[in-house]
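Participant: Compute the structure for the input listed below.
(chains A and B)
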Amino acid sequence: MSRYDPAVIEPEWQKAWEKAGCFTARHDPARPKYYVLEMFPYPSGRIHIGHVRNYTMGDVVARYKSSCGYSVLHPMGWDAFGMPAENAAMERGGHPKDWTYGNIADMRAQMKPLGLSIDWGREFATCDPEYYGQQQAMFIDMMEKGLVYRKNAVVNWDPVDMTVLANEQVIDGKGWRSGADVERRELTQWFFRISDFSEELLDALDGLKDWPEKVRLMQANWIGKSRGLQFAFDTIGAPDGFGKIEVYTTRPDTLMGASFVGISPDHPLAKALEAKDPDLAAFLAECRKGGTTEEAIETAEKLGRDTGIRVKHPLDPTWELPVWIANFILMDYGTGAIFGSAAHDQRDLDFARKYDLPVIDTFLSLDGPTPVVDKAFLPPKSEKVKWINHFAGLDVATGDEAIEATIDFAEKQGWGQGVTKFRLRDWGVSRQRYWGCPIPVVHCATCGVVPEKKANLPVELPYDVSFDQPGNPLDRHPTWRNVPCPNCGAPAKRETDTMDTFVDSSWYFARFTAPHAKTPTDKAEVDYWMNVDQYIGGIEHAILHLLYSRFFARAMQICGHLPKKAIEPFNALFTQGMVTHETYATRGKDGRPVWHTPDDVIRTSEGATLKDGTPVEIGPVIKMSKSKKNVVDPMDIIARYGADTARWFVMSDSPPERDVEWTAAGADATQKHLARVWRLASEIAEGGDPAQDLALVKAAHRAIADVTAGIEGFAFNKAVAKLYEFTNSFAKSGATAETKRAAMRILAQLMSPMVPHLAEDVWKIAGGEGLVVTAPWPKADPAMLAEDNVTLPIQINGKRRAEISVPKDMPASEVEKIVLADEAVAKALAGAAPKKLIVVPGRIVNVVL
RNA sequence: GCCCGGGUGGCGGAAUGGUAGACGCAGAGGUCUCAAACACCUCCGGUGCAAGCCGUGCGGGUUCGAGUCCCGCCCCGGGCACCA
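Facilitator: Alright, predicted model coming up:
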């Protein structure tokens, strides 16, 4: 062999690893374990460059930890339920199950050539009945523990297709297929009681030291703990049963600025009024148009309607406030009713101006007290402000102080209580769709809602379904629904809702420890392998997936499926940035965008066109997604250059936590570098200069220290830069052959987590014993890292003007003498003494004139 | 709208409050070659003959010293509970 040939060596080394069983996870009590997990993929059918980046990162960690002596678990599976399979069946025919398993086979075939150190023996898909049957068993356990219940909740309803839409399927308030105006409609749905754990999930964030601060902050904000005042307004002219309207506010201190009471369109009072007032019913129907997302509701035009009902101000019974229905008030948060304090809340102010309601200042800024006009005055709650006529007798105080004083005042007078509330809502898991885990319950006319017997699990999805009409095929299946009641045996009906796919991904990490156990987990295995030591995935999962998994770990612990130590299942989290790309669109007949893949687009200096010359709009650079088609296929890079080039390339350029915009340039250069290393290893000539040995040995130890630190710190791009530096030192070195071979073996080891196939070849060429994958990680000798002299830059008034070289630990007083004697410094001083001389040992000197 | 990030040469990026631009890509020049490819060497933020001056999205501030800390903006991205 005379050149670097990845097409030949990569399959050979993969065979060698497989033969040696290098990546089989072994439950070995004698060794420390390390569980590294990358978020498992949705089987779309093609791997994209984001997958390559994600799995290479995990692989670097897995291979490194293995070299350090750990027993490593590094599994892979498929997040296989979800809408795209049903969409494919609707668009192209075929069955979601066939489509999904076909995609899994395709993607596995694309991943294997990457040479990842995955224990493929543990692979499973969430759509395997073996997996979702255990999920159903846990659902039943959770029902028994009171963690599951049913209640009404709103969904996106397409009135033309008569079906529930996902948020993604609502575009500008219209159904994606029918184009009809979407409505919010209530449906009875299944929920997990995640909100019972609000306080606990919030408090436990403090213990997650190895999670990114931003993720903890996002979760804390999502849980949204707030302290406020809850009280009731007495009503005038309200229907029977609505003598009081309960409100919750986090700014009770602004009560003297109240100008109206607002209730949600979904508030019981609104519904009671609607029944007798067709006009109001029409208004509420208008309010219910559009999607269910918080974004859609909050950015919709603010609409209101005076109900004619009045309430009495709690501090002044003669002061009456109007009750309005307002479309921006959410029924899910607080009590679904607020008082509007227009001077100190922008939304309330906009609303008040639109409907000509009073705007009353309750406090003013200490510097320049100007009344509010069209911008609400919202200083930080920690800032002191001047109060106008505060009922608790405050004059100058902060918002925080005023809030506490107000709550105390209300509690003493007995008309309100201080209350802690959370923004976090219970987790709605019902989906009116086929391709998901069936909820294992039966509806019986006499027994009510009854869980299926565990012996009857899994409740398998029927295969004989069609997707030629909208809606859930389970609903219209002729026989599947008909089952005897597990309780009384009478004919009964199965639940046809399936579970949110977030349920599937909330415990897969535990299942990997014993993927074929007859119970959700196996005690001995889960005890040994949990927790996940390093979890790696996209920042887009910072809130929902990770929060749901944290909840599920608690629920599993309560049901006896996880040990207490796994209550926080992910010890360390790394959130990689997304791989982004420009988007390309043409316009359909109805003006909606039709997306095109980069492969179908020709980029020119002025813009872009399709291959037939049709002009294409270039859209924003956003995360690669199937729906926008801005995805790039890494398979051609692997086919052309080999897996090591692809692996090195995705690790080398961008810091892993940051987004990276994919460009094809650079793969050539990567392969040149790898070929250069291979050549340097092959061409080590006998002879050489022993006097140059020490410098090369020192460079090797410096590289060990820097690359190890880079991998430990998830700074793979910096580790790669250090490997380039070491390679350059090696190429220039005239050291003896023996020293060069030893240095090359170190280089092979340091490169092996990133480019494992090349590393094996180089290791062998340089005389390494056995496989580099099983060689212990090298250790840097501190004596080889020490430097005797340091270069000190000299600044004059903060600008670099000269530099000196001094022994590393020279005392500051000695350094000062040398600095003052320096030509540039003497010239600048012109005989005068410096005003100040700052010496930062080993770092810098600053002369202040 | 709300919450969270990010913004540094032509490009990807580096920099415990201490020499801004490590390392790589692209580019320019050269050596080798009949020529090319490969490989190797040199240069490479802007401006200026030079000394120097300017320069980390914009505007202020703190500091002997700010890409880094503080205040106010702008732009881009992620999430917003049924995309996964």
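
Participant: Get me the contact residues on the stretch 351-500 of chain A for RNA strand B.
Facilitator: By CB under 7 Å from any atom of the strand, the residues of the stretch 351-500 of chain A that approach RNA strand B are A:423-425, A:427-428, A:430-433, A:500. From N, CA and C alone the C-beta is placed, and that goes for glycine too.

Participant: Could you dump those residues into JSON lines and include neighbour count, secondary structure and pLDDT?
Facilitator: Below are those laid out as JSON lines (neighbours: other CB atoms under 10 Å; DSSP: H, G, I helix; E, B strand; the rest coil; pLDDT from 0 to 100):
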{"residue": "A:R423", "neighbour count": "16", "secondary structure": "coil", "pLDDT": "94"}
{"residue": "A:L424", "neighbour count": "21", "secondary structure": "coil", "pLDDT": "95"}
{"residue": "A:R425", "neighbour count": "15", "secondary structure": "coil", "pLDDT": "94"}
{"residue": "A:W427", "neighbour count": "21", "secondary structure": "strand", "pLDDT": "97"}
{"residue": "A:G428", "neighbour count": "16", "secondary structure": "strand", "pLDDT": "96"}
{"residue": "A:S430", "neighbour count": "22", "secondary structure": "strand", "pLDDT": "96"}
{"residue": "A:R431", "neighbour count": "25", "secondary structure": "strand", "pLDDT": "96"}
{"residue": "A:Q432", "neighbour count": "18", "secondary structure": "coil", "pLDDT": "95"}
{"residue": "A:R433", "neighbour count": "25", "secondary structure": "coil", "pLDDT": "95"}
{"residue": "A:D500", "neighbour count": "23", "secondary structure": "coil", "pLDDT": "97"}
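
Participant: Closest one of those residues to A:W595?
Facilitator: A:R433 (23.3 Å; CB to CB).

Participant: which ones are touching the closest one?
Facilitator: Counting by CB atoms under 8 Å, 6 or more residues apart in numbering, A:R433 makes contact with A:83, A:86, A:472, A:498.

Participant: Distance check, it against A:N789.
Facilitator: Applying CB to CB, to the nearest Å, the value for A:R433 to A:N789 is 69 Å.

Participant: And A:K421, by the same measure?
Facilitator: Plainly put, A:K421 is 63 Å away from A:N789 if you go by CB to CB.

Participant: Of these two, give the one with the bigger neighbour count.
Facilitator: When neighbours are counted by other CB atoms under 10 Å, A:K421 and A:N789 differ, and A:K421 comes out ahead with 17 against 10.

Participant: Who's the closest spatial neighbour of the more buried one, skipping the chain neighbours?
Facilitator: A:S226 (5.5 Å; CB to CB, 6 or more residues apart in numbering).

Participant: What is the neighbour count of the one you found?
Facilitator: Neighbour count of A:S226, defined by other CB under 10 Å: 14.

Participant: and it, that's in a strand?
Facilitator: Yes. Using DSSP: H, G, I helix; E, B strand; the rest coil, the assignment for A:S226 is a strand.

Participant: tell me which parts of the stretch 651-800 of chain A are close to RNA strand B?
Facilitator: Residues of the stretch 651-800 of chain A lying near RNA strand B (CB under 7 Å from any atom of the strand): A:652-655, A:658-661, A:663, A:665-666, A:668-669, A:672-673, A:675-676, A:715, A:717-718, A:720-721, A:724-725, A:728, A:731-732, A:791, A:793, A:795, A:797-800.
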